[in-house]
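K.L.:
Here is a sequence with its predicted model. Questions after.
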Amino acid sequence: MASHPSIFENSVFINCPFDREYKPLLDVLLFTLVKFGLHPRIALENSDSGQLRIDKILAMIKESKYSIHDLSRLQSKGKKEFYRLNMPFELGIDFGSRNFDKSLSGKKFLVLEASDYNYMKALSDFSGFDIKSHANSPQNLINSVRSWLITTGKLRNLDTGKKIWFQFNEFNQKIFDLKFGKYFPEFPETIATEMANEEIDLMPIPELIENISLFFNQTKKASPS
């Protein structure tokens with residue numbers, strides 16, 4: 001059974017890597033979704049040690065009309081490193097939910113890759129589906145999500161990808177200024193900069209999403225009516 005309609009219709013389940021290299025892509029993904037009035041759902045939103053991670057994922061899948069699955073980190077990089085299977089595993093659960101639960105039959109997916117057709121080497125059963133490539137570029141990721149929301153989500157009158165990218169950089173600058181102001185002039189500028197950047201890097205996902213929402217609320221209020 002899906003969640004309350006108003007929550008379900010605006011929720012986006014995000015299945016992606018959580019490594020440091022992927023963080024710039026995750027940040028811009030969250031920013032883009034919040035900008036368009038959607039509610040990102042991601043495993044890192046809840047750190048309750050008493051709940052199994054797979055149970056969190058199952059709940060979020062059932063509560064989300066939309067899903068974004070990024071398969072760009074499937075391949076191992078080192079000799080003794082295993083393939084990273086969490087992403088295709090969660091994609092399989094999500095795809096199955098749409099087919100085996102009538103209340104979830106209207107779910108919509110966006111599947112992302114770093115390079116065209118790379119996923120087929122590890123997930124051949126998924127060949128033939130429309131996969132978007134972002135080439136590990138935040139700007140390409142914005143364009144892929146925006147295009148998907150127009151064609152699949154049926155949203156209209158969305159800002160261009162370039163405008164979203166400029167807004168994202170403006171948001172990052174405002175967050176840095178806010179964090180930097182906490183430490184300067186109490187500390188030398190170089191140390192204050194380092195501490196501000198560290199605090200931003202370690203910001204929990206719920207706090208990041210709240211800051212993005214606040215940014216857009218303030219931008220809306222500052223815009224001429």
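P.N.:
Perfect, I can see it now.
K.L.:
What ranges does this structure have for its strands?
P.N.:
11-15, 39-41, 66-70, 108-113, 131-133 (DSSP state E).
K.L.:
Now render these as CSV, adding mean pLDDT, mean neighbour count and distance to Lys23.
P.N.:
Every residue, glycine included, has its C-beta placed from N, CA and C. Formatted as CSV, the strands of the chain follow (pLDDT from 0 to 100; neighbours: other C-beta atoms under 10 Å; distance: least, C-beta to C-beta, whole Å):
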stretch, mean pLDDT, mean neighbour count, distance to Lys23
strand 11-15, 97, 24, 13
strand 39-41, 96, 21, 14
strand 66-70, 96, 24, 12
strand 108-113, 92, 20, 15
strand 131-133, 86, 19, 19
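K.L.:
Identify whichever of the ones you listed lies nearest to Ile54.
P.N.:
strand 11-15 (12.4 Å; C-beta to C-beta).
K.L.:
So which elements touch that closest one?
P.N.:
Counting contacts by 3 or more C-beta pairs under 8 Å, 6 or more residues apart in numbering; DSSP states H and E, strand 11-15 packs against helix 23-35, strand 39-41, helix 53-62, strand 66-70, helix 86-100.
K.L.:
where does this structure dip in pLDDT?
P.N.:
1-5, 47-50, 75-84, 116-129, 224-225 (pLDDT under 70).
K.L.:
Try it again at 90.
P.N.:
Within the chain, the segments meeting pLDDT under 90 span 1-7, 17-20, 43-53, 71-88, 114-133, 153, 219-225.
K.L.:
got TSV for the strands of the chain, with distance to Ile205 too?
P.N.:
Below are the strands of the chain laid out as TSV (distance: least, C-beta to C-beta, whole Å):
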stretch	distance to Ile205
strand 11-15	10
strand 39-41	8
strand 66-70	14
strand 108-113	18
strand 131-133	23
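K.L.:
right, and the ones you listed - which one's nearest Pro185?
P.N.:
Of all the strands of the chain, strand 39-41 comes closest under C-beta to C-beta, at 36.0 Å.
K.L.:
now what about the closest one, what contacts it?
P.N.:
Applying C-beta atoms under 8 Å, 6 or more residues apart in numbering, the external contacts of strand 39-41 come out as 7, 10-14, 29-30, 33-34, 60, 63-64, 209.
K.L.:
The longest helix along the chain to helix 23-35, inter-axis angle?
P.N.:
With secondary structure taken from DSSP state H, the chain has its longest helix at helix 161-183. What separates the directions of helix 161-183 and helix 23-35 is an angle of 110 degrees, with axes from the mean of the first three to the mean of the last three C-alpha atoms, to 10 degrees.
K.L.:
Which strands or helices does helix 161-183 pack on?
P.N.:
helix 23-35, helix 138-151, helix 189-201, helix 205-222.
K.L.:
which of the ones you listed sits most buried?
P.N.:
helix 23-35 (a mean of 21; mean count of other C-beta atoms under 10 Å).
K.L.:
measure the closest residue to Asn99 other than its chain neighbours to Lys65 for me?
P.N.:
Once flanking residues are discounted, Asn99 sits nearest to Ser105: 7.7 Å by C-beta to C-beta, 6 or more residues apart in numbering. Taking C-beta to C-beta, to the nearest Å as the measure, Ser105 falls 11 Å from Lys65.
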